[in-house]
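K.L.:
Sequence and computational prediction follow.
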Amino acid sequence: MILAWLLVLLLVGGILAWVSDRVHPQLPRWVALSVTLACLLMTLFLWLETPAHTANTWLMRYEVPWIPQWGVSFSLALDGLSLLMLALTFFIGLVSILISWKEIQTKVGFFHFNILWVLAGITGVFLTMDLFLFYFFWEVMLIPMYFLIGIWGHENRTYAAYKFFIFTQASGLLMLLSILGLYFVHGTATGTYSFNYFDLLGTNFPLGVEKWLMAGFLAAFLVKLPVVPFHSWLPDAHSQAPTAGSVILAGLLLKTGAYGLLRFVVPLFPEAAQVFAPWAMLLGVIGILYGAILAFAQTDLKRLIAYTSVSHMGFVVLGVFAFNQWAYQGVVMQMITHGLSTGALFILAGFLYERLHTRDIRQMGGFWPTLPKMGVIAMVFVMASLGLPGLGNFIAEFLTLVGSWRASPVFTVFATIGLVAATVYSLRIMQKVFLGQHHTTHRMQDLSPRELGIAVPLVVLILWLGLNPQPVLDLARGSLETQLEAYAQPSLKITSPNSVTLIAHPQDSVHTLKGGSHALK
Amino acid sequence: MRLNDVHYLMPVLILVAGAIVTMLSVAVKRNHRVVFGLTLLAHFAALFTLLPLRGFSYQIPPFLIVDGWGVFTMGLILMTSLFVTLVSYAYFEQREERKEEYYILLLLATLGTCVLVISQHFMALFLGLEVLSVSLYALISYLRLREMSDEAGIKYLILAAMSSAFMLFGMALMYAVTGTMSFTDIAVYLRSMQDIPLLFLTGFGLIVVGVGFKLGVVPFHMWAPDVYEGAPAPVTAFIATASKGGMMGLLIRFITETDGYRYPSLVLIFTCIALASMVAGNLLALRQKNIKRLLAYSSIAHLGYLLIAFLAGNQLGVEAVSFYLVAYFITTLGSFGVVALLSDNIRDADQLEDYRGLFWRRPATAAIFTAMLLSLAGIPLTAGFVGKFYILASGVNTQQWLLVAMLVLNSVIGLYYYIKVIAVMFAQPEKKPELRKVLHPAVSFASGATMAVLALLLVWIGVYPTTLVQIIRGLLVTFMASR
């Protein structure tokens, strides 16, 4: 039940924020802030309540019938992976509300409505265990994001918003086709027509069919991630969005793609995924190198950071298709640390934009003497981005590379070159912005207490993840093992997917679906 | 005709009575409000008498049949016409022409559509079709002082008359082959044959011309943009919904009755029409600057989507058609309702520029229009999404991969022009728009409330489609059981 409350809180909070605009222009900010804070606290509470080593991967499930005629249920479930993602979601959400405090001055209510609904969509994606509902939330996070870019974005916002919407919608529709295909294949084979993830796990299909169905899911996730041939929406969307939009895009929306790969593609289509793995790893490596090279060539600061995302997400693809525990832990770490570090870089770009009204790094330089605090914080995240030991990203990339070495040494070698390239483009940020000649003459304020209040927790977190990643890894381990179950014993699919037992927290009750057998047939 | 038949024909008879009473009241004294009230009353009464007819399959030989499908489509058409009436009041209140005859014509058009969907004989079919068409000729050019309306009316008149002639010829050919005009007897004849006779196929082809014209599918779509543009916004809403839905209802009845899905040539014809409609409709809509024309092309594409579910030809397909019709009707009524709401007494608000910055001027109207457009684009939380999902499901179920793939591709193309309109509404207005004459608050309240109801229905069906699915399944029992 608490899972459903998270969603209800965000959706209702969004409407409240919109309406409260009429009462007082500052009120939506406080509404959004308190709602997100409440969600964050609930998630942290769940984390603390979780025993460190449990035999059971599923911490909580909630299920009520939604469209029983079609076998659709409102099904939410929480495991270690989703819990981590939720914590990241609400933290990033909190940060993005705080950075908009001064930046957004028009239509404040509608802005915060959109922020909260994006967060609700993302939360839904991380929680839902019903493929219909998953698609539903997948699209729900799209429209508010479209408005965030299209209304509050920079000069070329309409184009960027179109591109973002059309890319993700097109790929999402392909996923919908695959979901339907999976539904009917499973339905005709077993007689139960259901969109439930636990029912669909372990469906048997001929390899040809499996490949096509997986292709649909891959289309959605690889575009969202993004992987190189499908990445072209990302630089536009990231650079044109307002700071909060960029932070949510980089910090959260990209992670839904990675999450989808881990949660759906890997366990649902084990054979096809293994066939596709070498190609996926190739795409990942291309992404790492290509993103890094393009990042180095950019002059627009936000565009530069956007391309580093392409590069970093290459590691995720590489890790996911290595199919082992090491790589998967690396992927999870990468999702979290990339969310924090890239989010932080976008925030810094936003701070600079507020002061300079430009994102062109050719017009920046020599800011260290005037902006020492900002410089230090930028230093930390630039180092994080290049993978300096002691910061979270190092753990992530190291684990991913160790894992992928077992799967394919050749690709790993090339991926490692990407780390060198990361050093080059990261240091270029530092050099162009904070070191070198001073170009502008106008005075600039160093970070205000509010800005420091945003930046310092990010620094603390990235350091904590770098120095003590074990709690995160422990939390994720159980669910990652579940995803990999089908690969542990090759040629043996999960035989009893329904044996996933439910432990419900006292306040939770699990309703099983009645009449799930009549369906869309 | 037995006395019992009257009970089953009550909704249709009430519409007839409504039209006559309205006409008489106009003869006594012209009063917009009274006529409006009478029209509403007729709709409510017809809907009320329709309710107890659920769950029966009642033949009124030789012409009519009232079964689950007929009740469903009649109910849908009556509801649509009711919403059109509600929106019309404010729209016509600010116009200088005589308003009262409009409602009589609207009732007659609704009557024709209702007869169309319960007919099981070519005679009844033609009767219904002509009652509908003739009322539409007058409705389309109702505001005859407007520049475009004569053009639209004459265009529709000529083309509709042509298509009726084609249809009559087709019926005659079928009659020549089979010796009967009743759907069931044609089915019996076809079952006795190994293959379709060529002459019968020719006749069917000619009927497809007439059907295709009313549905506005490619290649019989040429009239749609001009008529949509020239007709008053509420009439456009009626043409886009009730008239098309009625024809779709008839088509499904005819094909299911005669088991047309057995013949690959028929399936091929409709597959080609579906593909052409989707592609042409969406591509032509891309460059439109006129909202009414844009919606015309978009409705051509949507009828193409609908044909996919129609082609599935099983229970799931008919369910999908029914569901999609409901979703599409709500959406289309909502969109044209917004157009009508924003129109002033000079012209309809049909230029894209009229919508620039609408969100900052009239947030509620813009939000409703956005919801409608998103529903047309098939985005979740709206009925359009569930409808499209249903159609995709029926397509995937019968493995029509080509059609399904085209549907996906076309949804993406469609998305472009829908969000183009949304983007215009959310853009900051460049100049301050001139203030317009505000109607009496109660008048705009009626339209506003109608819009709000439509928007709520849209979201409700989008979030919780279970009820509607149940209703459709319940009504289709009698229709599908007779197969």
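P.N.:
Happy to help now that I have it. This is a predicted model, so every value here is computed, not measured.

K.L.:
quick one, what contacts A:L173?
P.N.:
Neighbouring residues of A:L173 by CB atoms under 8 Å, 6 or more residues apart in numbering or on different chains: B:V408, B:S411, B:V412. Yep, even glycine has a C-beta here, placed from its N, CA and C like the rest.

K.L.:
With B:F122 instead?
P.N.:
B:M171, B:M174, B:Y175, B:M181, B:S182.

K.L.:
Buried residues, the helix or strand of chain A with the lowest mean pLDDT. List them.
P.N.:
Here the helix or strand of chain A ranked lowest by mean pLDDT, DSSP states H and E is helix A:470-488, holding a mean of 84. By neighbour count on 16 or more other CB atoms under 10 Å in any protein chain shown, the buried set for helix A:470-488 is A:472-473, A:475-480, A:482-486.

K.L.:
Is A:F164 part of a helix or strand, or is it coil?
P.N.:
On the three-state scheme (DSSP: H, G, I helix; E, B strand; the rest coil), A:F164 is labelled helix.

K.L.:
thinking it is in contact with A:L148, fair?
P.N.:
No - with contact defined as CB atoms under 8 Å, A:F164 does not count as touching A:L148 (10.0 Å).

K.L.:
which one of these two has more residues nearby?
P.N.:
A:L148 (30 against 26; other CB atoms under 10 Å in any protein chain shown).

K.L.:
tell me, how many neighbours does A:T188 end up with?
P.N.:
Based on other CB under 10 Å, the number of other residues close to A:T188 is 11.

K.L.:
and what of A:L348?
P.N.:
Using other CB under 10 Å, A:L348 has 25 other residues around it.

K.L.:
Now do the strands in chain A.
P.N.:
With DSSP state E, the ranges of strands along chain A come out as A:58-67, A:72-79.

K.L.:
So for chain B, which of these sits nearest?
P.N.:
Closest to chain B of the strands of chain A, according to CB to the nearest CB: strand A:58-67, at 5.0 Å.

K.L.:
near chain B, anything from the closest one?
P.N.:
Yes - Strand A:58-67 lies within reach of chain B by CB under 8 Å from any CB of the partner chain, at A:W66, A:I67.

K.L.:
Report the angle between that strand and strand A:72-79.
P.N.:
170 degrees (axes from the mean of the first three to the mean of the last three CA atoms, to 10 degrees).

K.L.:
tell me which strands and helices strand A:58-67 is in contact with?
P.N.:
Applying 3 or more CB pairs under 8 Å, 6 or more residues apart in numbering or on different chains; DSSP states H and E, one finds that strand A:58-67 makes contact with helix A:2-20, strand A:72-79, helix B:466-481.

K.L.:
what's the angle between that strand and helix B:466-481?
P.N.:
Here strand A:58-67 runs at an angle of 50 degrees relative to helix B:466-481 (the same axes, to 10 degrees).

K.L.:
Flag every buried residue along strand A:58-67.
P.N.:
In strand A:58-67, counting by 16+ other CB under 10 Å, buried: A:W58, A:L59, A:M60, A:R61, A:Y62, A:E63, A:P65, A:W66, A:I67.

K.L.:
Looking at it now, give me its mean pLDDT.
P.N.:
Mean pLDDT, computed over strand A:58-67, is 87.

K.L.:
ok, then the element right after the helix or strand B:L284 falls within?
P.N.:
B:L284 is part of helix B:264-285, with elements assigned from DSSP states H and E. Moving toward the C-terminus from helix B:264-285, the next helix or strand (DSSP H and E) is helix B:291-312.

K.L.:
downstream neighbour of that next one in the secondary structure list?
P.N.:
helix B:315-342.

K.L.:
what inclination does that following helix have with respect to helix B:466-481?
P.N.:
Per the same axes, to 10 degrees, the angle that helix B:315-342 makes with helix B:466-481 is 130 degrees.

K.L.:
for the record, mean pLDDT for helix B:315-342?
P.N.:
pLDDT averaged over helix B:315-342 gives 93.

K.L.:
which regions of the chain sit below the pLDDT cut-off?
P.N.:
Just going to use chain A. Flagging of chain A using pLDDT under 70 yields the residue ranges A:52-55, A:440-441, A:488-521.

K.L.:
my bad, the chain I had in mind was chain B
P.N.:
Applying pLDDT under 70 to chain B flags residues B:1, B:430-443, B:481-483.

K.L.:
which bits of it sit near chain A?
P.N.:
So chain B meets chain A at B:316, B:374, B:379-381, B:385, B:389, B:392-393, B:396-397, B:404-405, B:408, B:411-412, B:415-416, B:419, B:423, B:426-427, B:464-466, B:469-470, B:473 (CB under 8 Å from any CB).

K.L.:
from those residues, which would you call buried?
P.N.:
By 16+ other CB under 10 Å, the residues of chain B next to chain A give B:316, B:374, B:379-381, B:385, B:389, B:392-393, B:396-397, B:404, B:408, B:411-412, B:415-416, B:419, B:423, B:426-427, B:465-466, B:469, B:473 as buried.

K.L.:
Restricted to helices, list those.
P.N.:
If you go by DSSP state H, these have B:316, B:374, B:385, B:389, B:392-393, B:396-397, B:404, B:408, B:411-412, B:415-416, B:419, B:423, B:426, B:466, B:469, B:473 in helices.

K.L.:
A:L399 and chain B, how far apart?
P.N.:
36 Å (CB to the nearest CB, to the nearest Å).

K.L.:
Number of residues surrounding that residue?
P.N.:
Neighbours around A:L399, by other CB under 10 Å: 24.

K.L.:
who touches it in this structure?
P.N.:
A:G319, A:W326, A:A327, A:Q329, A:G330, A:M333.

K.L.:
The same query, at a cut-off of 10 Å, please.
P.N.:
A:315, A:319, A:325-334, A:469, A:473 (CB atoms under 10 Å, 6 or more residues apart in numbering or on different chains).

K.L.:
same thing with A:G109?
P.N.:
A:14-23, A:25, A:27-29, A:31-32.

K.L.:
6 Å instead, please
P.N.:
Applying CB atoms under 6 Å, 6 or more residues apart in numbering or on different chains, we find A:G109 in contact with A:A17, A:W18, A:D21, A:P28.

K.L.:
Tabulate those residues in CSV, adding columns for distance to A:F414 and neighbour count.
P.N.:
Below are the contacts of A:G109 laid out as CSV (distance: CB to CB, whole Å; neighbours: other CB atoms under 10 Å in any protein chain shown):
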residue, distance to A:F414, neighbour count
A:A17, 47, 29
A:W18, 48, 23
A:D21, 51, 20
A:P28, 48, 30
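
K.L.:
Columns distance to chain B on top of those residues, output as JSON lines?
P.N.:
As requested, those are exported to JSON lines (distance: CB to the nearest CB, whole Å):
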{"residue": "A:A17", "distance to chain B": "15"}
{"residue": "A:W18", "distance to chain B": "10"}
{"residue": "A:D21", "distance to chain B": "10"}
{"residue": "A:P28", "distance to chain B": "15"}
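
K.L.:
quick one on the thing from earlier: closest one of the contacts of B:F122 to B:E229?
P.N.:
Closest approach between these and B:E229, by CB to CB: B:M171, at 32.0 Å.

K.L.:
Roughly how far does the closest one sit from B:R262?
P.N.:
21 Å (CB to CB, to the nearest Å).
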